[in-house]
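Participant: Take a look and give me a structure for this.
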Amino acid sequence: MASRLLQNINSPEDLRKLDKQDLLQVAKELREFIIDIVATKEGHLGASLGVVELTIALHYYFKTPEDLLVWDVGHQAYGHKILTGRRDIFETNRKLNGLSGFPKRNESIFDTFGVGHSSTSISAALGMAIASKLNGKSEKNHIAVIGDASIASGMAFEGLNHAGVTKVNLWVILNDNAIGIDPSVGALKAYLSKSKIGVKPKQDNMIEALNFHYSGPIDGHDFEAIFKAFEELEKVKGPKFLHLITKKGKGLQQAEENQVTYHAPGKFDKTTGELLPKNNENLSPKFQDVFGLTLVELAKTNEQIIGITPAMPTGSSLKYMMNEFPDRAFDVGIAEQHAVTLAAGMATQGKIVFCTIYSTFLQRAYDQLIHDVALQNLPVIFCIDRAGLVGADGATHHGVFDLAYLRCIPNLIIATPSNEIELRNILYTASLGLENPIAIRYPRGRGLITDWQKDFQKVEIGKGKKLQSGSELAIISVGTIRTEVEEALQQLQQPEKVAHYDLGFVKPLDEEMLVEIFQQYKTVITVEDGVISGGAGEAVLAFANQHQFTSKIINLGIPDEFIEQGTTAELRDLAGISAERIQQKIEEVLS
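Facilitator: Numbers count the residues shown, from 1 in each chain. Sure, this is the predicted structure:
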């Protein structure tokens with residue numbers, strides 16, 4: 001049996017001591033190691049399996065960390081982490097107080113740039129390359145590894161466009177596997193597909209038109225081909241572009257054949273690749289499915305309804321509408337800014353546009369949200385998925401800023417449905433036509449209601465509701481954190497002392513309900529799964545101050561810091577918004 005090589009690689013320097021013929025064995029062991037860990041600990045699988053040879057080749061050929069390596073998104077960086085001194089603690093990946101699931105600057109000197117969202121690598125590596133040139137270190141290599149889905153983003157093109165007029169030592173390596181999380185889309189995908197079989201003549205190469213030296217496409221699993229390409233490109237001055245063809249999930253048959261599912265498959269049998277059954281005692285639907293299935297239901301009765309998502313048809317469940325009404329549902333690729341302005345353009349022509357987008361991805365289209373939608377008061381319906389704490393994806397993906405960054409935008413309605421039925425009803429209400437744009441916020445994961453497909457009920461915009469009366473203190477919950485508040489109230493020794501209200505809308509506020517609360521209660525607690533700074537609680541506080549109410553107001557929510565990875569339950573507890581922590585706060589106030 002061949003000796004175990006991986007266990008002796010604690011840094012790329014150890015890797016470089018091996019003979020080239022040993023690298024195939026390292027690749028085999030690295031794949032087995034990733035599969036072993038992810039099978040039991042969960043995480044992103046397919047992307048990292050697809051770049052095993054490339055990862056080894058990069059650290060073997062280049063003098064990392066002196067040469068600067070930037071991974072795009074970071075889904076594919078598990079092998080990189082394992083080879084750069086984190087093998088023995090890799091089982092803590094995505095766990096509380098463990099390794100981040102993405103490259104992170106304060107975790108390792110080899111993580112040159114913190115990532116998590118796509119299409120940043122070229123700009124970051126270009127910035128490093130220009131700085132190196134100014135510092136008199138032009139010989140240093142700066143390498144951006146980017147996928148075919150990510151390079152179609154506007155920001156990646158901006159980076160390429162700028163890089164083409166510089167003379168810096170920038171390498172852009174395209175990891176082309178024809179898929180991001182879902183299959184890649186758009187004209188660039190078609191162009192890259194043709195280039196794989198040599199259809200495009202050299203003079204029509206769009207990369208060379210941007211002043212890059214283009215090489216490829218080559219087999220991204222062939223060490224000999226990769227090293228030959230590296231050696232040839234090293235002789236080239238200025239920006240260079242290497243096109244590799246890889247297979248996402250390579251080395252695990254199930255992952256190769258079902259690339260969407262095995263992007264992040266959960267737990268599975270490491271030998272067969274079969275997914276392990278999940279313990280779904282709670283069979284209520286995922287909130288994303290409530291959105292997706294309800295949208296199909298609405299679209300069947302209204303041909304003006306349109307669905308748009310930037311690259312997340314499966315994750316957002318827009319796939320249901322794409323299957324049912326392919327001419328009216330659009331995956332625009334990793335292009336959040338385009339998605340929002342596209343929705344605005346359609347809204348000018350009377351279409352009822354549901355733009356479904358993750359909370360942290362909407363951050364990337366903030367100007368379009370203000371300038372193209374709200375300023376023109378176009379009634380685009382933003383369905384904001386993954387709002388609140390999302391768990392293991394950590395700081396780059398927690399949707400905790402949306403209430404704060406949306407609150408300050410004029411004309412925008414902000415709805416925070418507290419369960420599946422309320423989500424369904426606000427989607428229905430929005431489909432009937434509104435005079436303003438609306439943001440509808442809901443979390444990742446499942447709720448508690450199994451029988452949610454009730455007859456539609458129209459929602460009154462800007463109205464909250466009283467859920468429980470109380471004699472001494474009022475608590476106002478925002479959105480689905482209501483569940484934690486209700487659990488906390490059930491554990492109280494004297495629940496009759498605490499009233500509970502559901503805010504319903506952060507904008508406009510239910511002023512009539514707030515006046516009732518402040519006239520009746522000397523102490524009010526607000527609870528939200530968003531940042532306290534600028535959030536819903538501060539909106540309530542500002543209302544009380546404006547109307548000279550003197551109640552003591554306590555805001556519970558995400559503190560003014562970035563929250564790292566962990567389970568959602570662990571992170572809610574750390575932030576003080578778990579049922580147990582809310583109960584403790586109530587009892588402290590009552591005593």
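
Participant: only C-alpha atoms for contact and neighbour calcs from this point on.
Facilitator: OK.

Participant: Just the buried positions in the least confident helix or strand in the chain by mean pLDDT, please.
Facilitator: Least confident helix or strand, the chain: helix 187-196 with a mean of 75, by mean pLDDT, DSSP states H and E. Neighbour-count burial for helix 187-196, counted by 16 or more other C-alpha atoms under 10 Å, picks out 189, 192, 193, 195, 196.

Participant: quick one, what contacts residue 84?
Facilitator: Going by C-alpha atoms under 8 Å, 6 or more residues apart in numbering, residue 84 touches 10, 11, 12, 108, 110.

Participant: Need the contact partners of the least confident helix or strand of the chain.
Facilitator: For helix 187-196, the external contacting residues (C-alpha under 8 Å, 6+ apart) are 148, 149, 152, 178, 200, 217, 245.

Participant: what bridges to the last one?
Facilitator: For residue 245, the beta-bridge partners are residue 176, residue 219 (DSSP bridges).

Participant: Count residues in the vicinity of it, would you?
Facilitator: 23 (other C-alpha atoms under 10 Å).

Participant: That one touches residue 177, doesn't it?
Facilitator: Yes - Residue 245 is in contact with residue 177 according to C-alpha atoms under 8 Å; the separation is 6.0 Å.

Participant: Show me what the longest strand along the chain is in contact with.
Facilitator: The longest strand of the chain (DSSP state E) is strand 523-531. If you take C-alpha under 8 Å, 6+ apart as the criterion, strand 523-531 is touched by 388-389, 399-404, 472-479, 481, 485, 517-518, 536-537, 551-560, 577.

Participant: Buried only: go through the residues you listed for me.
Facilitator: By 16+ other C-alpha under 10 Å, the contacts of strand 523-531 give 388-389, 399-404, 473-479, 481, 485, 517-518, 536-537, 551, 553-558, 577 as buried.

Participant: And the helices in the stretch 51-200 of the chain?
Facilitator: With helices called from DSSP state H, counting those that start in this stretch, the stretch 51-200 of the chain shows them at 52-61, 78-81, 121-134, 154-163, 187-196.

Participant: picking up where we left off before, ok, so of the buried residues of helix 187-196, who is nearest residue 213?
Facilitator: residue 195 (15.2 Å; C-alpha to C-alpha).

Participant: And the residue nearest the centre of the chain, how far from residue 391?
Facilitator: With distances taken as C-alpha atoms, centre = their mean, residue 397 lies nearest the centre of the chain, 4.7 Å away. Noted for residue 397: a distance of 9 Å to residue 391, by C-alpha to C-alpha, to the nearest Å.

Participant: Now the nearest residue to residue 25 once chain neighbours are set aside, what are its backbone angles?
Facilitator: Closest residue to residue 25 apart from its sequence neighbours, by C-alpha to C-alpha, 6 or more residues apart in numbering: residue 5 at 7.5 Å. Dihedral angles of residue 5 (phi, psi; degrees, to the nearest 10) stand at phi -90, psi -40.

Participant: ok, now residue 399?
Facilitator: Main-chain dihedrals, residue 399, degrees, to the nearest 10: phi -90, psi 60.

Participant: what does residue 213 give?
Facilitator: Backbone dihedrals for residue 213, given as degrees, to the nearest 10, come out at phi -80, psi 120.

Participant: hmm, back to that, helix or strand right after the least confident helix or strand of the chain?
Facilitator: Next helix or strand after helix 187-196 toward the C-terminus (DSSP states H and E): helix 206-209.

Participant: Now that next one: buried residues?
Facilitator: 207, 208.

Participant: name the helices or strands packed onto it?
Facilitator: Counting by 3 or more C-alpha pairs under 8 Å, 6 or more residues apart in numbering; DSSP states H and E, the packing neighbours recorded for helix 206-209 are strand 213-219.

Participant: now the strand it packs on: mean pLDDT?
Facilitator: Per-residue pLDDT over strand 213-219 has a mean of 95.

Participant: who touches the helix or strand that the longest strand of the chain is followed by?
Facilitator: Using DSSP H and E, the helix or strand that follows strand 523-531 in sequence is helix 536-546. With C-alpha under 8 Å, 6+ apart as the test, helix 536-546 has contacts from 403-404, 478, 506, 514, 518, 526-528, 532, 550-551, 553, 555-556.

Participant: The residues you listed: which two are farthest apart?
Facilitator: Farthest pair in these, by C-alpha to C-alpha: 403 and 550, 24.9 Å.

Participant: With residue 220 as the reference, measure out to residue 58.
Facilitator: Separation of residue 58 from residue 220 (C-alpha to C-alpha): 12 Å.

Participant: actually residue 62, sorry about that
Facilitator: Separation of residue 62 from residue 220 (C-alpha to C-alpha) stands at 17 Å.

Participant: Same check on residue 211?
Facilitator: Residue 211 is 23 Å from residue 220, by C-alpha to C-alpha.

Participant: Quick check: closest non-adjacent residue to residue 249.
Facilitator: Closest residue to residue 249 apart from its sequence neighbours, by C-alpha to C-alpha, 6+ apart: residue 46 at 3.8 Å.

Participant: Contacts only, for that neighbour.
Facilitator: Contacts of residue 46 by C-alpha under 8 Å, 6+ apart are 76, 248, 249, 250, 255, 256, 259, 262, 263, 264.
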